[in-house]
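Q: no sequence for this one, just the structure:
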C-alpha cells in the first residue's frame, strides 16, 4: 500500500511502536514518555499514532531525547487531528521524523481510519509495546496486527488489556532494556497475574 510521508522516514536499525490508551492515566503517560526517551536515546525510532494519551507522550519522549519519531495518522498528512497536536506534528516533521498516512491528502478523521492505520504502525516496526489498554481497544488491534506480521509484541503490566496480552505470551517490559532484550529474542518474562 502506498504511503504518503511528510518529513522523512528515519533510517535506523530498530523501530519500536509505543501505543496505548487515549485516556491514559498520568502514570501511563509518564511510562510512555520515559520508555520512548530511553529508546530514542539509544537510536531507536519511536513510532506511534499521534493521538492523545500514550501516543502523544511517546512522541514527546522521543523528541525530548533529540531522537526520531514517526506519527502514523488516521487522516491525510495535511490534516491536523487532533487539532491540539498541530505544534507536536510540526516538531516531529522538523526534527527529522515523519508524519505518515495510508490515506490521500485531505482525508478527514473517520473512526474506521484509525483502526485501519494500526496495521501501518506495526508494519513500520520490529516490535510493538502496549502501555495501557482496555480489553476492547485500538491498541490491542495494533498488537494483533503485529503478531500477524511477525513482530515482537510487548506489554507493560497494569491494565486489563496489557494483562490479557501478557497472558497470551507478550513479553513483559518495564524499560528500554526489556524491549531490546525481547527484540533480540530473549524469552518473554511473564507478569504475575492478579
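A: Thanks, I have the structure now. For clarity, every value in this text was computed on a predicted model and none was experimentally measured.

Q: report the contact partners of residue 113.
A: Residue 113 makes contact with 74, 75, 103, 107 under the criterion CB atoms under 8 Å, 6 or more residues apart in numbering. Placement of C-beta: from N, CA and C, glycine included.

Q: check what pLDDT the third one gets.
A: At residue 103, the pLDDT value in this model is 97.

Q: try residue 115
A: At residue 115, the pLDDT value in this model is 93.

Q: that older thread, closest one to residue 151 out of the contacts of residue 113, please.
A: Of all the contacts of residue 113, residue 151 sits closest to residue 74, with 19.9 Å by CB to CB.

Q: just to check, that closest one is in contact with residue 118?
A: No - with contact defined as CB atoms under 8 Å, residue 74 does not reach residue 118; the gap is 9.0 Å.

Q: burial count for residue 126?
A: 19 (other CB atoms under 10 Å).

Q: from residue 146, how far off is it?
A: With distances taken as CB to CB, to the nearest Å, residue 126 is found 10 Å from residue 146.

Q: which one (most neighbours) among the contacts of residue 113?
A: residue 74 (26 neighbours).

Q: any idea which helix or strand comes after the helix of greatest length in the chain?
A: If each helix of the chain is counted by residues according to DSSP state H, the longest one is helix 26-41. For helix 26-41, the succeeding helix or strand toward the C-terminus, using DSSP states H and E, is strand 45-48.

Q: tell me the helix or strand right after that next one.
A: helix 54-64.

Q: which neighbours do residue 126 and residue 146 share?
A: Common neighbours of residue 126 and residue 146, counting by CB under 8 Å, 6+ apart, are residue 152.

Q: quick one, strands of this protein?
A: 4-7, 15-19, 45-48, 69-73, 98-101, 127-130, 152-155, 171-172 (DSSP state E).

Q: for the residue lying closest to residue 19 once chain neighbours are set aside, grab the count of nearby residues.
A: Once flanking residues are discounted, residue 19 sits nearest to residue 139: 4.7 Å by CB to CB, 6 or more residues apart in numbering. Applying other CB under 10 Å, we find 31 residues neighbouring residue 139.

Q: quick check: residue 139 vs residue 171, distance?
A: Distance from residue 139 to residue 171, by CB to CB: 15 Å.

Q: what angle separates the longest helix of the chain from strand 69-73?
A: Angle between the axes of helix 26-41 and strand 69-73 is 120 degrees (criterion: axes from the mean of the first three to the mean of the last three CA atoms, to 10 degrees).

Q: that'll do, ta.
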